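*Asks:* Dropping a prediction and its sequence here:
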Amino acid sequence: MYSNYKILNINARASPPQDKESFPTVKQPIHVGEYSLSAEGHFENSPARICFLNQLPLSQFPFTLIPNVEDMHTKKSKPKPRYLDNLFYFLRCSWDSFIKRNVHGFLQLEADIVCSREALQLIMCAPYEYKNNWTLAVSKYRNTIYICPVHNAERPLSVFDEKHFKDLLMANWMRTLRQHCLTAGDSYQQSKLDGQYYCVFCIEICGLQVLFDAPILAEHTPNTFYGLPKTFVDLKLRLDTMNRTEWSAHNRNEVLKWWVESFLVGIEKVYIAYHDKEANVQKIKHTTVRELWRECEHDWSPNICGNFLRRLLGSIQMLLAHVDSASTVYILEYEAKNGSISYKYAEERTEHSFIPDWFRLMMEERMEHLNAEIRFQI
C-alpha cells in the first residue's frame, strides 16, 4: 500500500542563479555494451539489428513520408520496452563485466544509477516542459538506484490526446524515413529494419556512475569497414517552413530533446530531414550538436538542464539513502503546470515494482555460489 503524497524539495521552475552560470561536471559517455530488439520486441544479445545511415543522392528527392496502404496495414509501431527489463537481460548476459563483490562480501552492480536515456531526458527537459506530466518509478537494491518512466493512470498526461496523435504520426513518418535512409547490418536484410539496435553507456555525472541504454544509429564511414569504433549519429524530422513563434516552440520542445539525447550518448552529428506540410521531404542536412544549442540560446539553457539533472539525482539519492529492497518502489510525479515533483512509496511489491525476482535471486544465488567456492579453496 502506498504512503500519502509528499512534495520533494525541488522545483523545475526555481533554478538558483548559480545554475545558469556553468554546466555541472559531466564526463564523456563510454560505450560499454550493446544489444538488439527484434521487431516483436524480444531481447537479442547481439548487435545484429544495427542500422547505418546513408546520404541519399539528389536524384532521390523529394519523397513522401506518407506510408502506402500496404505498409499501414502490415507495419506496427515498435513495442516500447517495459520498465528496465532489457537492461536487466543485458546485465545477465554481461554479468562478469558489471557485477562485483563489495567490501561487505555482497554482490552488487558497479553503478550508482541504472536507467534508460528517456528517464535522464525527461529530467533534463523538465525546466522547459510546461505541457506534459511524467512519472518515474525508483527503487534501490544493493546500493544501486534504478529509475524508469512509467504510465500512471491516476495522473494522466496533459494534452494527452494531441500528443498521442502527434507521436503516432511522427512514428509513421519516421518509419518511412528510415526505409529511405537506412541500411541494415550485414547479417540482416533491409526488411529487418523493424528491429532496433541499442547501446549501453556509462556516464559520470558529478561523481555518480550512471549506466543507461539508448536506441542508436550509426553512420557509414571507413571505420565501419576497418573494424574501428562506429560513428553514432541521429536522424530527425523538421518542418521546412515556420514562423517566429513556431520556431521558438520547436526549439524549446523538439530541439531541446534532440540536444539532450545526443549529448547523453556523445553524438556529435545530427541529420535533419526537412519536409513540407504535405509530408514531402525536400532535403536532408546535417548539423552538429553544438550548433543546435547555439541556435537556441534564447530559448533554453543547457546549464539549467544539466544542473536540474544534478540536483534531482542528488535528491533521489538522499530520499532513498536508507532503502535496500528490490520490492520497495518510490513513484515520482512531475507536474508540468508548476514544475513541482511529488512522491509516494510502497515497501511491499506493487504493480510498479520493476526489479525482477529472477535478478534478485541471481544476485543472491551467485553470491552463495562464490562463497561456496571460497570455502572449498580454503
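*Replies:* That came through fine.
*Asks:* where exactly do the helices run in this structure?
*Replies:* 69-74, 85-93, 95-98, 117-125, 160-181, 222-226, 244-250, 256-265, 289-295, 302-319, 357-377 (DSSP state H).
*Asks:* can you list contacts of the shortest one?
*Replies:* Spelled out, it's helix 95-98. Contacting residues not belonging to helix 95-98 are listed as 32-33, 91, 109-111, 211, 366 [Cβ atoms under 8 Å, 6 or more residues apart in numbering]. Every C-beta, even on glycine, is put in place using the N, C-alpha and C of the backbone.
*Asks:* Using PDB, list the CA coordinates for that helix.
*Replies:* C-alpha atoms of helix 95-98 as PDB (Å, rounded to 0.1, in the frame of the first residue of the first chain):
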ATOM      1  CA  TRP A  95      27.500 -10.500 -15.600                       C
ATOM      2  CA  ASP A  96      31.300 -10.600 -15.100                       C
ATOM      3  CA  SER A  97      31.800  -7.100 -16.500                       C
ATOM      4  CA  PHE A  98      29.400  -5.300 -14.200                       C
END
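*Asks:* will you turn the contacts of helix 95-98 into a markdown table that also has neighbour count, distance to residue 351 and pLDDT?
*Replies:* Converted to a markdown table, these look like this (neighbours: other Cβ atoms under 10 Å; distance: Cβ to Cβ, whole Å; pLDDT from 0 to 100):
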| residue | neighbour count | distance to residue 351 | pLDDT |
| --- | --- | --- | --- |
| 32 | 15 | 31 | 97 |
| 33 | 20 | 29 | 96 |
| 91 | 21 | 23 | 96 |
| 109 | 20 | 24 | 93 |
| 110 | 13 | 30 | 93 |
| 111 | 20 | 26 | 96 |
| 211 | 24 | 25 | 98 |
| 366 | 14 | 28 | 66 |
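*Asks:* In CSV, list those residues along with distance to residue 330.
*Replies:* Formatted as CSV, these follow (distance: Cβ to Cβ, whole Å):
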residue, distance to residue 330
32, 27
33, 27
91, 21
109, 18
110, 23
111, 18
211, 19
366, 27
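*Asks:* Closest one of those to residue 253?
*Replies:* residue 211 (27.8 Å; Cβ to Cβ).
*Asks:* Wait, the closest one touches residue 119, no?
*Replies:* No - contact criterion Cβ atoms under 8 Å: residue 211 and residue 119 do not qualify, at 11.8 Å.
*Asks:* What separation do you get for the nearest residue to residue 305 once chain neighbours are set aside and residue 88?
*Replies:* Spatial nearest neighbour of residue 305, chain neighbours left out: residue 124 (4.3 Å); criterion: Cβ to Cβ, 6 or more residues apart in numbering. For residue 124, the distance to residue 88 (Cβ to Cβ, to the nearest Å) stands at 24 Å.
*Asks:* Which residue of these two possesses the greater neighbour count?
*Replies:* residue 124 (26 against 19; other Cβ atoms under 10 Å).
*Asks:* What distance do you get for that one to residue 4?
*Replies:* 29 Å.
*Asks:* Also residue 211?
*Replies:* Counting by Cβ to Cβ - residue 211 and residue 4 are separated by 32 Å.
*Asks:* again, but for residue 235
*Replies:* For residue 235, the distance to residue 4 - Cβ to Cβ - is 45 Å.
*Asks:* Now do the same contact list for the residue sitting nearest the centre point of the chain.
*Replies:* Closest to where the C-alpha atoms of the chain average out (Cα atoms, centre = their mean) is residue 117, at 2.1 Å. Listed by Cβ under 8 Å, 6+ apart, the contact set of residue 117 reads 212-214, 261, 264-265.
*Asks:* Looking at neighbours, which among those is most surrounded?
*Replies:* Top of the contacts of residue 117 by neighbour count (other Cβ under 10 Å): residue 212, with 25 neighbours.
*Asks:* Might one say that that one is in contact with residue 120?
*Replies:* Yes - if you go by Cβ under 8 Å, residue 212 and residue 120 touch, sitting 6.4 Å apart.
*Asks:* Are there residues contacting both of the two? Which ones?
*Replies:* Common neighbours of residue 212 and residue 120 (Cβ under 8 Å, 6+ apart) are residue 264.
*Asks:* quick revisit: of residue 235 and residue 4, which one has the most company?
*Replies:* residue 235 (19 against 7).
*Asks:* Next, the contact list for the closest residue to that one other than its chain neighbours, please.
*Replies:* Closest residue in space to residue 235, ignoring its immediate chain neighbours: residue 271 at 4.9 Å, by Cβ to Cβ, 6+ apart. Neighbour list for residue 271: 53, 181, 233-236, 284-286 [criterion: Cβ under 8 Å, 6+ apart].
*Asks:* cool, and residue 217?
*Replies:* Neighbours of residue 217 in contact, by Cβ under 8 Å, 6+ apart: 51-53, 182, 197, 232-235.
*Asks:* Format these as JSON lines; extra columns: pLDDT and distance to residue 330.
*Replies:* Listed next are the contacts of residue 217 as JSON lines, based on pLDDT from 0 to 100; distance: Cβ to Cβ, whole Å:
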{"residue": "51", "pLDDT": "92", "distance to residue 330": "36"}
{"residue": "52", "pLDDT": "92", "distance to residue 330": "40"}
{"residue": "53", "pLDDT": "93", "distance to residue 330": "39"}
{"residue": "182", "pLDDT": "92", "distance to residue 330": "39"}
{"residue": "197", "pLDDT": "94", "distance to residue 330": "31"}
{"residue": "232", "pLDDT": "95", "distance to residue 330": "32"}
{"residue": "233", "pLDDT": "96", "distance to residue 330": "36"}
{"residue": "234", "pLDDT": "97", "distance to residue 330": "32"}
{"residue": "235", "pLDDT": "97", "distance to residue 330": "35"}
